[in-house]
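Trainee: this one's structure only:
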């Protein structure tokens, strides 16, 4: 069985989640839009999940809409802001997920909107002073689109600070919470946000399902036309068993959030300590010992004749991780996040990301394997 250390990419499905989904793949298969008993049963299951997510966010159930995942949700927020809310100025970051960056580029081309990118501090955090400067000089009402947790380096954005700036300068706020939802408490009443997105497969739910929170004060229209599902916001028959699975994953995460936080952070800190002992001149991208996600560790390996094929060699050794820089083997296309932040292009970065299923023994195996690959 491989050692899986790529949980920021996707997580293994929790068995409790699968068990909850199975009846909706077999006997409880009704179309949620049908008026007969099986249909009504499916509709009730979907609405229970909507209520669960709304409760987690301290939102209204009418503000939660189901989608295929984070990419669709982020697209819906950005397109909706431009098409329906007449936003012509967007502020984002050059290290956002590509589903945001590529969408901004298309919107800029089609609607002639202005896009500015906020600067970053040396540790990868957003420069809030520069963000305020951009907002102060905004040519029109702005939308600020910044992810809560960076998926490559794990830095956690101060959502409250950004929210206060947006309120001060009458800007809308969108946050990609794909890496943080179900790992950190989120309260859209205490910290007002206009659009927030999540994806089930990042917290041990199924792939192909997610959600978007849209504040009731801002109405946007659907991206896809067809039926009237999701209160005319998202046409197409709902992913019934996916939504049910996501609901169970949220339920599990909510009950165990503090326990899992401590467990994963302890393991990540152990990994960091062992890496420092085992590998000379190793360092870490981002802010892992400060305001960084407790499940992500982006490791910078010093120049060596053995690092070019490190990701491939880890894979051969049965260890799954993600590359953080361009690799001469052609296996890894590289990371725009790492390229933007690091100064020394000769070093190699690998992102390790943990889950509640990882163990100390797996970390020990990783360290032994890395030392063997690097001939240490």
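Mentor: Structure's in. What do you need? Please read all numbers here as calculations on a predicted model, not as lab measurements. Numbering: from 1, shown residues only.
Trainee: From now on I want contacts and neighbour counts done on CA atoms only, so please keep to that.
Mentor: Fine.
Trainee: After the helix or strand bottoming out on mean pLDDT in the chain, which helix or strand is next?
Mentor: Of all helical and strand segments in the chain, the minimum by mean pLDDT, DSSP states H and E falls on helix 336-341, at a mean of 82. The C-terminal neighbour of helix 336-341 among helices and strands, as given by DSSP states H and E, is strand 348-353.
Trainee: Can you spell out which helices and strands pack onto that following strand?
Mentor: Judged by 3 or more C-alpha pairs under 8 Å, 6 or more residues apart in numbering; DSSP states H and E, strand 348-353 is in contact with strand 296-301, strand 322-323.
Trainee: helix, strand or coil for residue 207?
Mentor: State at residue 207, reduced to three classes by DSSP: H, G, I helix; E, B strand; the rest coil: coil.
Trainee: ok, it - contacts?
Mentor: When contacts are counted by C-alpha atoms under 8 Å, 6 or more residues apart in numbering, residue 207 touches 69, 199-201, 242.
Trainee: again, 10 Å this time
Mentor: Applying C-alpha atoms under 10 Å, 6 or more residues apart in numbering to residue 207 gives the contacts 10-13, 68-69, 199-201, 242, 245-246.
Trainee: what's the answer for residue 66, then?
Mentor: Residue 66 neighbours (C-alpha under 10 Å, 6+ apart): 46, 49-50, 72-73, 197-199, 209-213, 229-230, 233-234, 238-239, 243.
Trainee: Mind checking which of these are in strands?
Mentor: Assignment to strands by DSSP state E places the following of the contacts of residue 66 there: 197-199, 210-213.
Trainee: follow-up on the earlier one: what's the farthest-apart pair in the contacts of residue 207?
Mentor: Longest distance between any two of the contacts of residue 207 is 17.8 Å, between 12 and 68; criterion C-alpha to C-alpha.
Trainee: Give me the more crowded residue out of these two.
Mentor: Legend: neighbour count by other C-alpha atoms under 10 Å for residue 12 and residue 68, higher for residue 68 (21 against 16).
Trainee: That one and residue 237 touch, don't they?
Mentor: No - counting by C-alpha atoms under 10 Å, residue 68 stays clear of residue 237, with 11.3 Å between them.
Trainee: circling back to that earlier point, and the ones in strands among the contacts of residue 66 as JSON lines, adding pLDDT, distance to residue 42 and neighbour count?
Mentor: Below are the ones in strands among the contacts of residue 66 laid out as JSON lines (pLDDT from 0 to 100; distance: C-alpha to C-alpha, whole Å; neighbours: other C-alpha atoms under 10 Å):
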{"residue": "197", "pLDDT": "98", "distance to residue 42": "23", "neighbour count": "30"}
{"residue": "198", "pLDDT": "98", "distance to residue 42": "22", "neighbour count": "28"}
{"residue": "199", "pLDDT": "98", "distance to residue 42": "21", "neighbour count": "31"}
{"residue": "210", "pLDDT": "98", "distance to residue 42": "17", "neighbour count": "27"}
{"residue": "211", "pLDDT": "98", "distance to residue 42": "18", "neighbour count": "25"}
{"residue": "212", "pLDDT": "98", "distance to residue 42": "20", "neighbour count": "25"}
{"residue": "213", "pLDDT": "98", "distance to residue 42": "22", "neighbour count": "27"}
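Trainee: Using JSON lines, lay out those together with distance to residue 32.
Mentor: Below are those laid out as JSON lines (distance: C-alpha to C-alpha, whole Å):
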{"residue": "197", "distance to residue 32": "23"}
{"residue": "198", "distance to residue 32": "22"}
{"residue": "199", "distance to residue 32": "21"}
{"residue": "210", "distance to residue 32": "17"}
{"residue": "211", "distance to residue 32": "17"}
{"residue": "212", "distance to residue 32": "19"}
{"residue": "213", "distance to residue 32": "21"}
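Trainee: Show me the shaky parts of the stretch 251-376 of the chain.
Mentor: Residues of the stretch 251-376 of the chain that meet the criterion pLDDT under 70 lie in 324-334, 342-345.
Trainee: So which residues of it form helices?
Mentor: In the stretch 251-376 of the chain, the helices defined using DSSP state H, counting those that start in this stretch lie at 310-316, 336-341, 360-373.
Trainee: Of those, which is nearest residue 4?
Mentor: Ranking the helices of the stretch 251-376 of the chain by proximity to residue 4 (C-alpha to C-alpha) places helix 360-373 first, at 8.8 Å.
Trainee: What is the closest one packed up against?
Mentor: Here helix 360-373 touches strand 3-4, helix 240-278, helix 310-316, strand 319-320, going by 3 or more C-alpha pairs under 10 Å, 6 or more residues apart in numbering; DSSP states H and E.
Trainee: Mind doing that once more with 8 Å?
Mentor: helix 240-278, helix 310-316.
Trainee: Which residue ranges of the stretch 1-150 of the chain form strands?
Mentor: Assigned by DSSP state E, counting those that start in this stretch, the stretch 1-150 of the chain shows strands spanning 3-4, 64-67, 89-92, 114-117, 142-145.
Trainee: can you pull the contacts of residue 108?
Mentor: Here residue 108 is in contact with 114-115 (criterion: C-alpha under 8 Å, 6+ apart).
Trainee: I meant residue 367, not that one.
Mentor: 274-275, 278 are the contacts of residue 367 under C-alpha under 8 Å, 6+ apart.
Trainee: Having no further points to raise, I will conclude here.
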